[in-house]
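Peer 1: Sequence first, then the predicted structure, then my questions.
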Amino acid sequence: MPYVVDFVNVSTVGLESSPIAESLAGLRANEARYYKNKYDHVFTVSPASEAPETLDWVNRILAQEREIVFSARPLEVTSFEVDGFRMAYVFYESGLSVNVMYGIEEGAKRAVGFKLSEGMEVPEELASRFKFARQKSKLAGVIRGSFFVIKGEY
């Protein structure tokens, strides 16, 4: 069942099985606030099992672009279009958030972003390949993030 992410009253709904559910909920709320403020988009997530096409699309990009396959269990996903971009998010039980920003127009920006919830270790799948920058968020504490540019067509 879809869940509208509330960034005023942060909730762990859907994320309860994560050992850092509070931090992951803050990270998810941070993303919801960004899309509401910038694009007036309501950030709605679904259990990963209810939207396998979104999870498959993100997994295919990760595997084909960088041979990345996460061992962490995906909990929630979302996919939407905003301002000429197809966006997809996967929130993992470990506290990891992966997002794909895929410009619809030929030649538009296309990238995969990784965000780590406060309190989680860098996943071994990323540790030796990416450096993470830190940013502070009122909702999520300290977020560490990194990204790579997508070269292929998906």
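Peer 2: On my side now, so go ahead. Residues are numbered from 1 along each chain as shown.

Peer 1: Going along the chain, name the helices of the chain.
Peer 2: Assigned by DSSP state H, the helices in the chain fall at 21-39, 52-66, 124-127.

Peer 1: most tightly surrounded among these?
Peer 2: The highest mean neighbour count among the helices of the chain, using mean count of other Cβ atoms under 10 Å, belongs to helix 21-39: a mean of 20. For every residue, glycine as well, the C-beta is placed using N, CA and C.

Peer 1: tell me which strands and helices that one is in contact with?
Peer 2: In terms of contacts (3 or more Cβ pairs under 8 Å, 6 or more residues apart in numbering; DSSP states H and E), helix 21-39 is packed against strand 74-82, strand 85-92, strand 96-103, strand 133-137, strand 141-149.

Peer 1: coming back round to it: just tell me which of the helices of the chain ends up closest to residue 110.
Peer 2: helix 52-66 (9.0 Å; Cβ to Cβ).

Peer 1: if we can go back for a sec, can you redo the helices and strands packed on helix 21-39 as a markdown table, where the extra columns are distance to residue 4?
Peer 2: Listed next are the helices and strands packed on helix 21-39 as a markdown table, based on distance: least, Cβ to Cβ, whole Å:
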| stretch | distance to residue 4 |
| --- | --- |
| strand 74-82 | 10 |
| strand 85-92 | 14 |
| strand 96-103 | 17 |
| strand 133-137 | 20 |
| strand 141-149 | 22 |
